[in-house]
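[1] pasting a predicted model and its sequence here:
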Amino acid sequence: MNDKKPISRRGFLSAVAALGSIGLASCGTQSTKQPSVTTADRSAGKLPDRGEFVVRGAQILTMDSGLGDIPGGDLHVRAGEIVAVGKDLRISGAETIDGRQMIVLPGLIDTHSHLWNTPLRNLVDEGPKMGYFALTLALGKEYTPEDTYRGVRLGVAEMLYSGITTVHDWSHNIRGPAYADADLRALRDSGIRARFSYGTPQGGLSRDQTMDLTDLARVQREWFTGPSDGLLSLGMAARSLSDSPRGAVSIPTLHRDWDGARKLGLPITIHTGGKGRVALLESEGMLGPDVQLINPTGFDEADFGRIVRSKVHVCFSPFAELRSSFVSSRLVDLLKHGILVSMSIDTAAISGNNDMFAHMHAVIDTQFAIYKDPLSVSPRQVLELATINGARDLGIADRVGSLTPGKQADLILVRTTDLNMAPLGDPVQAIVRSAQPHNVDTVVVDGRILKRGGHMTAIDVQQVVREAAESLAATRARAGE
Ligand SMILES: [Zn+2]
């Protein structure tokens, strides 16, 4: 989109729809043996242009400790980059966006989400047959690459709508090369910034079977070498050290998986809910700064020491942990030890939606309850988890996570005049305690405006919803539901 001219929405949507059908057709017909993507396919789909604009008169939360908050501030973006932020910027020739009733802040960052199973929301119920793990296993086995594309696209569309500009896509149902490509295409076509972590298929590997390291190397070669816009990056999603049949993997196998990923220079992510996991990983010599540990629900003082020593970082999932483990992670203890902590939604199938505002709100009050102290954690610290800390966790803090000149323009504008936001008190509290996805007026990723005036500019929401529902219905039918 050229920001100096109004977008032709109809023309744009039809181009995107056409592109979507091409992508889906190829997903649906691909054999796992065919080469599924060429180097040329790595280019972004039809997305708005990176234009030049200046947001004027906004309440800016830079989340950069050197710049602080700027009431009535301006922010200048050009060709995908934040050029300047401050008061009364003198700029000519750029489109002006009125920010006087807006809070401007960095786009929110989700550091662990199983996007493929987004359509399973509200099918998951409590109990052995309909629990999250049973259901994702039963339906995951029936997924086609096209279902993966549509599931990921639904999750990403909701995230962008809700102000999330970066996601760590924890893809743990890769049943063949076409699934990995379908997932990556859904990310690429949406324009979101993402790390794609390549995992194993639901119910597909035995304890002693190494993951498909050959295809992992192929994905790196085909999607992540050569020139790119830098929106997508690659990681490896490791199987859990768990006694459950779903996650069971032997230690020698885990070593083979991890060694293979490390040879490719990829960061590793692993769920570590429960007790004893961190100690085991340390005793096996597997921890390091390239590792993200998810769900610190069972960590004790000794684990905190192990984490500090090994410089691993930690991601927690407030609603998923409440629902699945019946606890809240001890965030304040993690922060007290100087551990890098970020936030994640985990999966809409458990948390219900992809609303990071609700997660921030839940975090602050559950921490008050745990520590019985309303000064234990501040709204600003919670907002840091969902912005700059997320960027640090994913190794991209030099590019995003704060509104610092020179960084890429990933930012959101949140309306302060909506019924649930007005009147504006403290802007940080307003984001953490009051904001909801529908208050997000504008979403910018890498300088592209992907939501404006409350409307998605590059995603046909009705198509995304309809096709996700069709895929889910077909998947359930194949599973015999
Ligand atoms: Zn998870």
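    Sure thing, it's come through.

[2] so where's the stretch 151-300 of the chain shaky on pLDDT?
    Applying pLDDT under 70 to the stretch 151-300 of the chain flags the ranges 242-247.

[3] report the central residue of this protein.
    In the chain, the residue lying closest to the centroid (CA atoms, centre = their mean) is Val167, at 1.7 Å.

[4] and Ala186, how far from Leu385?
    26 Å (CB to CB, to the nearest Å). Every residue, glycine included, has its C-beta placed from N, CA and C.

[5] I misspoke; the intended subject was Ser317.
    Taken as CB to CB, the span from Ser317 to Leu385 is 12 Å.

[6] from Val314, how far out is Thr417?
    Relative to Val314, Thr417 is positioned 37 Å away (CB to CB).

[7] how many other residues sit next to Met159?
    Neighbourhood size, Met159 [other CB atoms under 10 Å]: 30.

[8] element containing it, please.
    helix 145-161 (DSSP states H and E).

[9] got the CA coordinates for that helix in CSV?
    C-alpha atoms of helix 145-161 as CSV (Å, rounded to 0.1, in the frame of the first residue of the first chain):
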residue,chain,number,x,y,z
PRO,A,145,-1.3,-29.5,4.5
GLU,A,146,-4.2,-27.4,3.4
ASP,A,147,-5.7,-27.7,6.9
THR,A,148,-2.4,-26.6,8.3
TYR,A,149,-2.3,-23.6,6.0
ARG,A,150,-5.9,-22.6,7.0
GLY,A,151,-5.4,-23.2,10.7
VAL,A,152,-2.2,-21.1,10.8
ARG,A,153,-3.8,-18.4,8.7
LEU,A,154,-6.7,-18.1,11.1
GLY,A,155,-4.5,-17.8,14.1
VAL,A,156,-2.2,-15.3,12.5
ALA,A,157,-5.2,-13.2,11.2
GLU,A,158,-6.6,-13.0,14.7
MET,A,159,-3.2,-12.1,16.1
LEU,A,160,-2.6,-9.3,13.7
TYR,A,161,-6.1,-8.0,14.4
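
[10] phi first, then psi, for the nearest residue to Asn122 once chain neighbours are set aside.
    Leaving aside its chain neighbours, Asn122 sits nearest to Gly352 (7.0 Å; criterion: CB to CB, 6 or more residues apart in numbering). Backbone geometry at Gly352, expressed as degrees, to the nearest 10, gives phi 100, psi -40.

[11] how close does Gly352 get to Val308?
    The spacing between Gly352 and Val308, counted by CB to CB, is 34 Å.

[12] what do you get for Ile91?
    In this view, Ile91 and Val308 are 45 Å apart by CB to CB.

[13] these two: which has the busier surroundings?
    Ile91 (15 against 12).

[14] correct me if wrong: the more buried one contacts Val54.
    Yes: counting by CB atoms under 8 Å, Ile91 touches Val54, with 5.1 Å between them.

[15] joint contacts of those two?
    Common neighbours of Ile91 and Val54 are listed as 74, 76 (criterion: CB atoms under 8 Å, 6 or more residues apart in numbering).

[16] tell me where the stretch 151-300 of the chain has strands.
    Counting by DSSP state E, counting those that start in this stretch, the stretch 151-300 of the chain has strands at residues 164-171, 193-198, 232-237, 268-271, 291-294.

[17] adding distance to Val332, write those out as a markdown table.
    Converted to a markdown table, the strands of the stretch 151-300 of the chain look like this (distance: least, CB to CB, whole Å):
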| stretch | distance to Val332 |
| --- | --- |
| strand 164-171 | 23 |
| strand 193-198 | 27 |
| strand 232-237 | 28 |
| strand 268-271 | 22 |
| strand 291-294 | 17 |
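
[18] relative to Glu301, which of these is closest?
    strand 291-294 (15.7 Å; CB to CB).

[19] what's the end-to-end length of stretch 185-197?
    Using CA to CA, to the nearest Å, one end of stretch 185-197 lies 14 Å from the other.

[20] just the buried residues of that stretch, please?
    Neighbour-count burial for stretch 185-197 flags 185-197 (criterion: 16 or more other CB atoms under 10 Å).

[21] likewise for stretch 289-306?
    Within stretch 289-306, the residues that count as buried by 16+ other CB under 10 Å are 290-299, 303-304, 306.

[22] what's the closest of the residues you listed to Ile339?
    Nearest to Ile339 among the buried residues of stretch 289-306 is Phe304, at 6.8 Å by CB to CB.

[23] how about the nearest residue to the closest one, chain neighbours excluded?
    The shortest distance from Phe304 to any non-neighbouring residue, by CB to CB, 6+ apart, is to His337 (4.7 Å).

[24] what does the pLDDT read for the one you found?
    His337 is assigned 95 on the pLDDT scale.

[25] ok, it - contacts?
    Going by CB under 8 Å, 6+ apart, the list of residues near His337 reads 304, 307-308.

[26] so which of those sit within helices?
    In helices, defined here by DSSP state H, the members of the contacts of His337 are 304, 307-308.

[27] now those in a markdown table, with pLDDT?
    A markdown table is the format used below for the ones in helices among the contacts of His337 (pLDDT from 0 to 100):
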| residue | pLDDT |
| --- | --- |
| Phe304 | 95 |
| Ile307 | 96 |
| Val308 | 96 |
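
[28] now those residues in CSV, with distance to Gly453?
    Formatted as CSV, those follow (distance: CB to CB, whole Å):
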residue, distance to Gly453
Phe304, 46
Ile307, 43
Val308, 46
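
[29] which of the residues you listed lies closest to Ala157?
    Nearest to Ala157, judged by CB to CB, of these is Ile307 at 34.4 Å.

[30] so what's that closest one closest to, chain neighbours aside?
    Of all residues not flanking Ile307 in the chain, Ile339 sits nearest, at 5.4 Å (CB to CB, 6+ apart).

[31] surely that neighbour meets Phe304?
    Yes: Ile339 lies in contact with Phe304 (CB under 8 Å); the separation is 6.8 Å.

[32] so the residue nearest to the centre of the chain touches Val156, yeah?
    Yes: using CB under 8 Å, Val167 is in contact with Val156, at 6.8 Å.

[33] shared neighbours of the two, anything?
    Counting by CB under 8 Å, 6+ apart, the residues touching both Val167 and Val156 are 115, 187, 192, 194.

[34] not counting its neighbours along the chain, what's nearest the first one?
    On the basis of CB to CB, 6+ apart, the spatially nearest residue to Leu115 that is not a chain neighbour turns out to be Gly155, at 3.8 Å.

[35] which ones are touching the one you found?
    Listed by CB under 8 Å, 6+ apart, the contact partners of Gly155 are 113, 115-116, 118, 167, 348, 354.

[36] one more: Gly276?
    With contact set as CB under 8 Å, 6+ apart, Gly276 has these partners: Gly298.
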